[in-house]
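Peer 1: generate coordinates for the sequence data below:
(one chain, ligands or ions: 1)
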Amino acid sequence: MLTVGRWLKTSKSWFNSSKKISENSVASTLSKRRSCRSFLDRKPPEGLILDLIDKARRTPTAGNSQGVEFLLLEEKSSVNDFWRVSFLGRDRSSFAFPGLFNAPALVIPFGVPSMYIDRYKEDDKGYTNLGENAKEWTVPYWLTDAAFATMALQLLAIENQLESCFIGLFEREERIKEYFSIPETYQALGVLVMGYPNTEEGSPGRSQKRKRRPLSKVVHIGSWRSPL
Ligand SMILES: Cc1cc2nc3c(=O)[nH]c(=O)nc-3n(C[C@H](O)[C@H](O)[C@H](O)COP(=O)(O)O)c2cc1C
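Peer 2: Presented below is the predicted three-dimensional model:
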């Protein structure tokens, strides 16, 4: 990273020129990534999403607690049930992104607090005093870890020509948990809607139109107050 005047610039030439950045490099994937809110009614090959979840779960977990689990919905009836239960009692004909409903796969990542509490009760973690209950945790690592895995899943999706949109569950979480028999104490992160993009339909939402903040406002080098 270079400081040029007041502005930070990232350099694209970290690699020597003989080593080209591949189409599917992490850098290239991140630069192309956008949330997709309109999907084709087309299924990914059988087993693909399960395989991607298996790869995504290699992301780090605190103390190697591995308390992240996923609900994968791919059967059309289950996907429909998810939307029906989500919108229970609400008219969805005016929903801003109807193209989301076509997506063939939904992945709900969960953090499992008890697995972290149990792990942090062990001798090598005793000094943290986090082995009592979830309230002690200033950062709920089960959600941190679920987010890491979910981000990896989004990148793996792109590598496999799929797109995705992560959306919140808000007050729908309890209904979804009850309907799909998810244990009470599990905490859902949200839902990752996955599938092939419908490039002919769908406009960016208001959030997506917001400009990216400049790097100089986001990174504070050395001290928070130092002007760049
Ligand atoms: C934690 C989180 C919650 C989000 N919730 C929603 C949501 O409920 N509905 C939605 O349409 N998009 C949601 N998004 C997607 C964001 O709106 C989107 O990432 C943001 O506008 C930036 O656009 P981009 O992903 O295309 O770069 C969410 C994203 C994150 C990370």
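Peer 1: how far off centre is stretch 45-52?
Peer 2: Relative to its chain's centre, stretch 45-52 lies at 17 Å (Cα atoms, centre = their mean, to the nearest Å).
Peer 1: so what touches that stretch?
Peer 2: Leu72, Glu74, Ala105, Val107, Leu153, Leu156, Ala157, Asn160, Met194 (Cβ atoms under 8 Å, 6 or more residues apart in numbering). For every residue, glycine as well, the C-beta is placed using N, CA and C.
Peer 1: state the pair within the residues you listed that is farthest apart.
Peer 2: Across the contacts of stretch 45-52, the longest distance by Cβ to Cβ is 15.9 Å; it joins Glu74 and Leu156.
Peer 1: dump stretch 157-167 to CSV, keeping only the CA atoms.
Peer 2: What follows is stretch 157-167, C-alpha atoms only, in CSV (Å, rounded to 0.1, in the frame of the first residue of the first chain):
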residue,chain,number,x,y,z
ALA,A,157,-19.9,-19.6,-5.1
ILE,A,158,-18.4,-17.1,-7.5
GLU,A,159,-15.6,-19.6,-8.4
ASN,A,160,-18.4,-21.9,-9.4
GLN,A,161,-20.4,-19.4,-11.5
LEU,A,162,-22.9,-19.0,-8.8
GLU,A,163,-23.9,-15.7,-7.2
SER,A,164,-25.4,-15.0,-3.8
CYS,A,165,-27.0,-12.4,-1.5
PHE,A,166,-26.8,-12.5,2.2
ILE,A,167,-30.0,-11.2,3.9
